[in-house]
Structure formats: structure tokens, C-alpha cells
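Enquirer: show me the folded form of this:
(one chain, ligands or ions: 2)
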Amino acid sequence: MSTIEKAEVLVTSPGRNYVTLRITTSDGVTGLGDATLNGRELSVASYLRDHLVPLLIGRDPARIEDTWQYLYKGAYWRRGPVTMTAIAAVDTALWDIKGKVAGLPVYELLGGRSRDGVLVYAHASGGDVPALLDDVARLREEGYEAIRAQTAVPGVPGTYGVHSGAGIYEPARTSLPEEQAWSTEAYLDHAPTYLEAVREKFGFGFHLLHDVHHRLTPIEAARFGRAVEPLRLFWMEDPTPAEDQEAFRLIRQHTTTPIAVGENLTSIWDVQHLITERLIDYVRTTVVHAGGITHLRRIFDLAHLYGVRTGSHGAGDLSPVTQAAAVHVDLAVPNFGIQEHMGHTPHTADVFRSDVSYADGMLHPSDAPGLGVEYDDEAAARFPYEPRYLPVARRLDGSVHDW
Ligand code: CS2
Ligand code: MG
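Expert: Residues are numbered from 1 along each chain as shown. Ligands and ions are numbered 1, 2, ... in the order given. Presented below is the predicted three-dimensional model:
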């Protein structure tokens with residue numbers, strides 16, 4: 001029997017921090033799993049290195065489900081981003097190994113293709129409305145059929161989710177958390193106007209999305225959703241803090257704007273009521289933060305029963321290993337909705353050599369066995385870990401706000 005011989009925790013920072021688990025079997029097969037938890041990276045590195053790696057050595061790499069149950073139930077301490085990201089890394093690496101052993105891409109192990117490619121949405125943003133419209137035009141030219149639109153709010157410095165220069169947007173920029181200002185009133189006045197400007201200029205022939213970043217109360221979110229109904233958004237994302245599942249009932253009673261939530265939720269229990277009571281339309285849980293391919297499939301299958309579709313998080317802080325795993329899952333599940341695609345920096349692509357490709361608004365996985373991603377140790381060594389934090393939001397009176 002093949003056994004797990006080695007499990008290495010690899011930390012690199014090619015423009016931003018990534019934690020990766022690489023498992024090697026006694027037959028010399030390797031598998032990769034993403035373990036990146038933005039701004040809290042070393043906590044997962046320690047959970048893996050100090051607590052999970054010793055449990056993996058000598059185990060049968062083929063027993064993915066059993067390993068998942070062992071790590072989840074055996075810990076006594078359940079759920080939570082650190083635990084679920086660490087388990088996800090193990091699970092993803094074992095699926096990669098299983099694919100390589102079988103000689104099949106992971107989507108074949110998940111039941112095979114349900115579609116030709118994976119519809120993605122890209123990010124458009126701008127410091128003001130003309131800059132946003134230029135960005136939307138650029139993405140339309142690149143073939144994107146779905147675009148998320150955000151701009152800075154006038155009079156509120158440093159609005160989250162908006163590019164500050166060229167290249168890929170990166171919110172975790174500073175070695176201590178940057179403090180950004182927030183005004184709900186200014187946001188609620190401004191956001192519907194620029195979403196309307198996008199529809200006026202580019203029409204209704206593509207999907208328009210918007211991310212609220214958990215910043216509203218339920219009744220404010222209801223008002224926002226109702227105000228933008230004529231713009232037919234694909235979704236409003238994270239309208240209120242996601243841990244309060246009951247809040248979505250109130251939003252739902254007031255608006256038909258579709259709701260997406262779940263990028264910072266980590267288990268099926270965190271989305272149970274959202275799904276079974278049909279309080280949302282899209283579930284944004286991911287491979288890396290929701291317990292790996294094994295657990296994400298469980299969430300997506302529950303969602304399928306209730307007419308909820310998938311819309312996985314895919315920001316730059318999810319490594320190319322997660323991106324590849326996400327595309328394999330997206331290709332296979334019956335209730336796929338959309339996949340976020342923010343892209344990665346060229347340095348990141350040097351470390352993680354991924355065969356995922358983009359064409360005409362869709363992502364496609366490689367047909368290589370496993371996930372189709374290779375980790376380049378030499379490139380990774382050029383980019384040592386640097387502490388980086390996400391920003392913190394404060395209201396204009398100085399009190400801390402949600403994001
Ligand atoms: C965002 C992310 O992509 C998104 O939808 O909400 O920028 C998110 O805030 C970061 O990934 C946090 O790590
Ligand atoms: Mg988001």
C-alpha cells in the first residue's frame with residue numbers, strides 16, 4: 001500500500017502571501033493544497049505543521065473521506081477558518097494525488113464535465129465613474145460576460161475594493177492594518193448611480209455584479225436591493241455580515257435582487273439556514289476556506305436541492321491551486337452559477353505553474369492528471385514571507401465598522 005511519506009508546509013510571498021501544503025507518497029506522487037488565510041497566514045501554517053502533518057505520515061493517501069472525517073471529528077474543535085483551511089489543504093492535496101494515480105483530471109473523478117467551460121466574472125473598478133466605465137470597457141473587450149463594478153465613494157477616502165493603480169487589486173498591502181473610512185449614507189447615495197451609469201453605457205447584454213462587503217444593516221440592504229432592481233444585477237454580494245443567517249430573511253422580504261454570500265463562511269453549518277430556507281441565490285464558499293473539495297461538494301449538493309447555485313470566491317488571495325481546484329469542481333457540479341476570476345500577478349504564476357486557461361469569458365482546467373498545478377521551489381524561495389494585513393474600516397465618527 002502506498003502511504004503518505006512527507007507533508008511540507010510551504011510559505012511564499014510573490015506579491016502577497018500564500019501557504020501551500022505539498023504531500024508526497026511513498027510512490028513518489030505529490031499533491032498540492034492551498035492553505036492561505038489572508039492576513040492570518042501563519043496560524044494555518046502552524047496548525048498544519050504542528051498538528052496535522054504528524055497525523056498524516058503513514059496514512060493511506062487514497063482514503064480522502066476517511067482522512068477528512070478523522071481530521072474534522074477527531075479534533076473535537078470544529079469549523080472556523082483556521083481549522084477548515086488546514087483541512088482543506090490536506091483534502092485538496094489528496095484529490096490532486098488521486099487524480100495523478102488514476103491518470104485523470106480531478107473533474108473526471110467528480111463525475112465528469114457538466115459544461116464546456118466555467119463562466120467567470122472579472123473586477124472593474126475606478127476612483128470615479130469615468131474610470132470605472134473605462135475599466136468595464138476594457139473587460140468587455142477582453143470578452144468577459146460578467147463584470148463586478150465598484151467605485152470609490154466621493155468624500156470617503158480609501159473605499160475598499162477599488163484599484164489604487166495598475167495591476168491586480170490587492171487589499172492586504174501593509175504590515176499593520178491600514179484604516180479606511182466608511183459612510184453608509186454616502187455609499188447608499190452613490191452606488192446605485194454608478195451601477196446605473198454602467199447599464200446606461202453598456203446595456204443589459206452582460207451580467208453586472210456588485211459587492212457590498214458586509215457593510216449594511218438588513219434594512220439598509222433591503223433598500224439598496226430594491227433601488228437597483230431595474231438594473232437587474234446578477235447579484236448583490238455580502239449585503240450584511242454573513243454570520244447572521246436570520247438577517248437575510250428580512251432582506252429577502254423586500255427585494256428580488258439576487259443575493260450571494262459565503263466567501264468567509266467555512267462549513268455546511270454556516271450556510272444551512274441560508275440554503276434550506278432559500279434566503280440566498282448563490283453560495284460563495286470555496287475549496288480553500290470551506291474544508292476542501294470533499295466538503296465544498298457537500299455544501300453544493302445541499303444547495304442544489306434548494307435551487308441555490310454556486311458562485312465561489314476567487315480573489316487573488318486564493319492561490320492558483322485553489323483556482324484550479326475550483327474550476328474542476330465548477331465544471332462538474334450540476335448547480336454551477338458563476339466563478340470569481342481576479343487573476344494573479346506574474347510572480348505568482350512563476351511559483352505556481354498552472355494550466356488553467358481563460359478564453360471568451362470562461363476558465364478551462366487542464367486535462368493533466370490531478371489539478372494541473374506545479375509548485376516551483378526555486379521561484380518560491382525568491383519571495384520570503386512578509387507580514388501583510390487587510391484594512392480595517394472606521395465610520396466617520398471613528399468607530400469600527402464591518403467589512
Ligand atoms: C472580495 C475579496 O473578491 C471579493 O469578493 O470580497 O477582495 C475579499 O475581501 C478578500 O479576498 C479578503 O481576503
Ligand atoms: Mg466579496
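Enquirer: rest of the way, CA atoms for contacts and neighbours
Expert: Fine.
Enquirer: D317: helix or strand, and which one exactly?
Expert: Using DSSP states H and E, D317 sits within no helix or strand.
Enquirer: quick one: contacts for it?
Expert: R16, N17, Y18, T36, L37, N38 (CA atoms under 8 Å, 6 or more residues apart in numbering).
Enquirer: next one: L37
Expert: Applying CA under 8 Å, 6+ apart, we find L37 in contact with V19, V44, P81, V82, T85, H289, D317.
Enquirer: state the phi and psi torsions of it.
Expert: phi -120, psi 100 (degrees, to the nearest 10).
Enquirer: sorry, back to before: now, which of the contacts of L37 sits nearest ligand 1?
Expert: D317 (5.6 Å; CA to the nearest ligand atom).
Enquirer: pretty sure A124 sits in a strand.
Expert: Yes - A124: assigned to a strand according to DSSP: H, G, I helix; E, B strand; the rest coil.
Enquirer: so stretch 372-391, near ligand 1 or not?
Expert: No - using CA under 6 Å from any ligand atom, stretch 372-391 stays clear of ligand 1, coming no nearer than 7.2 Å.
Enquirer: past the longest helix seen in the chain, which element shows up next along the chain?
Expert: The longest helix of the chain (DSSP state H) is helix 81-102. Per DSSP H and E, helix 81-102 leads on to helix 106-109 as the next helix or strand towards the C-terminus.
Enquirer: check contacts around the closest residue to A227 other than its chain neighbours.
Expert: In this structure, A227 finds its nearest non-sequential neighbour in P192, 7.0 Å apart by CA to CA, 6 or more residues apart in numbering. Going by CA under 8 Å, 6+ apart, P192 touches F224, A227, V228.
Enquirer: so the first one is in contact with L188, correct?
Expert: It stands for F224. Yes - if you go by CA atoms under 8 Å, F224 and L188 touch, sitting 6.8 Å apart.
Enquirer: ok so, going back, mind putting the contacts of P192 into a markdown table with distance to ligand 1?
Expert: Shown next, in a markdown table, are those (distance: CA to the nearest ligand atom, whole Å):
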| residue | distance to ligand 1 |
| --- | --- |
| F224 | 18 |
| A227 | 21 |
| V228 | 19 |
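Enquirer: which ones among those lie within helices?
Expert: F224, A227.
Enquirer: closest one to G143 out of the contacts of P192, please.
Expert: When these are compared for distance to G143 (CA to CA), V228 comes out closest, at 24.8 Å.
Enquirer: who's in contact with whichever residue of the stretch 151-300 of the chain sits closest to ligand 1?
Expert: Residue of the stretch 151-300 of the chain nearest ligand 1, by CA to the nearest ligand atom: H213 (5.8 Å). Contacts for H213 (CA under 8 Å, 6+ apart) come out as E237, D238, P239, T240, W403.
Enquirer: gap between the second one and D91?
Expert: Yep, that's D238 we're talking about. Distance, D238 to D91, by CA to CA, to the nearest Å: 27 Å.
Enquirer: enumerate the residues of this protein near ligand 1.
Expert: So far as CA under 6 Å from any ligand atom goes, the chain lies against ligand 1 at N38, H213, A315, D317.
Enquirer: can you get me the start-to-end distance on stretch 162-178?
Expert: Stretch 162-178: ends 15 Å apart by CA to CA.
Enquirer: quick one: distance of that stretch to the chain centre.
Expert: 17 Å (CA atoms, centre = their mean, to the nearest Å).
Enquirer: what's that stretch in contact with?
Expert: Under CA under 8 Å, 6+ apart, the answer for stretch 162-178 is 16, 38-39, 125-127, 150-152, 160-161, 316, 342-345, 386-392.
Enquirer: how about stretch 69-87?
Expert: 35-37, 43-45, 47-48, 52, 68, 264-267, 288-292.
Enquirer: okay, and which of those map to helices?
Expert: S43, V44, A45, W68, G292.
Enquirer: can I see the domain layout of the chain?
Expert: With domains defined by automatic domain parsing, the chain comprises 4-105, 109-368.
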